[in-house]
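>>> quick check, what structure comes out for this input:
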Amino acid sequence: LLNSEACRILESSSEGASGAPLEKLLGPGHAISMVAQSVLLDGRSAIAAEVTIERRFSTDVIADAAVAPLSEADGEAGGVVIVLRDCTIQNSLRDAADEQEKLASYGHIAAGIAHEVKNPLSGIRGAAELLEARTADERAQKTARLIVREVDRISSLVDELMVFAKGEELDH
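As a prediction, this is how the structure comes out:
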């Protein structure tokens, strides 16, 4: 017998599953079927954690299954009760949180690199400005201005790298 949530998870109807072996619903050799067989044999409850239930019409479901023996009036095991808990959304949220954590780590790395690059760039820019101001040679002044422009370009690229640390949108 299946309740409505089990019908959703297993993509079956209560009527279609009634009296059918578990292997028909889950496929032969499925982990939940194996645990159910084990519970039938030894009469002790068991759990199958994070088992994939493949589905025909939608994405697979990751579920926990708690399996307990169902005793007949004479005390003999007459079957099992299986409680399924859909973990798909929980796992998706955990994966999203892990991804956010990774991005935050990249942001901290980017901030460290940006800091280490911008400090020497400031010194290079200052030296180029001094060179331009102290020399009368037009070629040297032109080279100093080129250095300042290139340092400013690198500095703006480093600022774009800081987007990872701040979580902002990139400027194109």
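
>>> so which strand or helix has the residue lying farthest from the centre of the chain?
Distance to the chain centre peaks in the chain at Ala136, reaching 60.0 Å (criterion: CA atoms, centre = their mean). For Ala136, there is no helix or strand it lies in under DSSP states H and E.

>>> wait, a helix at Ile47?
No - assessed with DSSP: H, G, I helix; E, B strand; the rest coil, Ile47 is strand; it does not lie in a helix.

>>> in the sheet, who's paired with it?
Using DSSP bridges, the bridge partners assigned to Ile47 are Ala66.

>>> for Pro21, phi and psi?
Per-residue torsions, Pro21: phi -70, psi 150 (degrees, to the nearest 10).

>>> distance of it from Ser58?
Remark: distance between Pro21 and Ser58 (CB to CB, to the nearest Å) = 23 Å. The way it works is simple: take the backbone N, C-alpha and C, and place the C-beta from them, glycine included.

>>> and Gln100, by the same measure?
Separation of Gln100 from Ser58 (CB to CB) stands at 26 Å.

>>> which one's more surrounded, these two?
Using other CB atoms under 10 Å as the criterion, Gln100 and Ser58 rank with Gln100 on top: 11 against 8.

>>> quick check: next helix or strand after whatever helix or strand that one lives in?
Under the criterion of DSSP H and E, Gln100 resides in helix 88-134. Later in the chain than helix 88-134, the nearest helix or strand by DSSP H and E is helix 138-161.

>>> for that next one, list the C-alpha coordinates in PDB.
Taking Å, rounded to 0.1, in the frame of the first residue of the first chain, the C-alpha atoms of helix 138-161 are listed here in PDB:
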ATOM      1  CA  GLU A 138      60.100  64.200 -24.400                       C
ATOM      2  CA  ARG A 139      60.700  60.500 -25.200                       C
ATOM      3  CA  ALA A 140      61.100  59.700 -21.400                       C
ATOM      4  CA  GLN A 141      58.000  61.800 -20.600                       C
ATOM      5  CA  LYS A 142      56.000  59.800 -23.200                       C
ATOM      6  CA  THR A 143      57.300  56.500 -21.800                       C
ATOM      7  CA  ALA A 144      56.400  57.600 -18.300                       C
ATOM      8  CA  ARG A 145      52.800  58.600 -19.400                       C
ATOM      9  CA  LEU A 146      52.500  55.100 -21.100                       C
ATOM     10  CA  ILE A 147      53.600  53.500 -17.800                       C
ATOM     11  CA  VAL A 148      51.000  55.500 -15.900                       C
ATOM     12  CA  ARG A 149      48.200  54.500 -18.400                       C
ATOM     13  CA  GLU A 150      49.200  50.900 -18.300                       C
ATOM     14  CA  VAL A 151      49.300  50.900 -14.500                       C
ATOM     15  CA  ASP A 152      45.800  52.500 -14.400                       C
ATOM     16  CA  ARG A 153      44.600  49.800 -16.800                       C
ATOM     17  CA  ILE A 154      46.000  47.000 -14.700                       C
ATOM     18  CA  SER A 155      44.500  48.700 -11.600                       C
ATOM     19  CA  SER A 156      41.100  48.800 -13.200                       C
ATOM     20  CA  LEU A 157      41.400  45.100 -14.100                       C
ATOM     21  CA  VAL A 158      42.300  44.400 -10.400                       C
ATOM     22  CA  ASP A 159      39.200  46.400  -9.400                       C
ATOM     23  CA  GLU A 160      37.100  44.100 -11.600                       C
ATOM     24  CA  LEU A 161      38.700  41.100  -9.900                       C
END
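
>>> all set, thanks.
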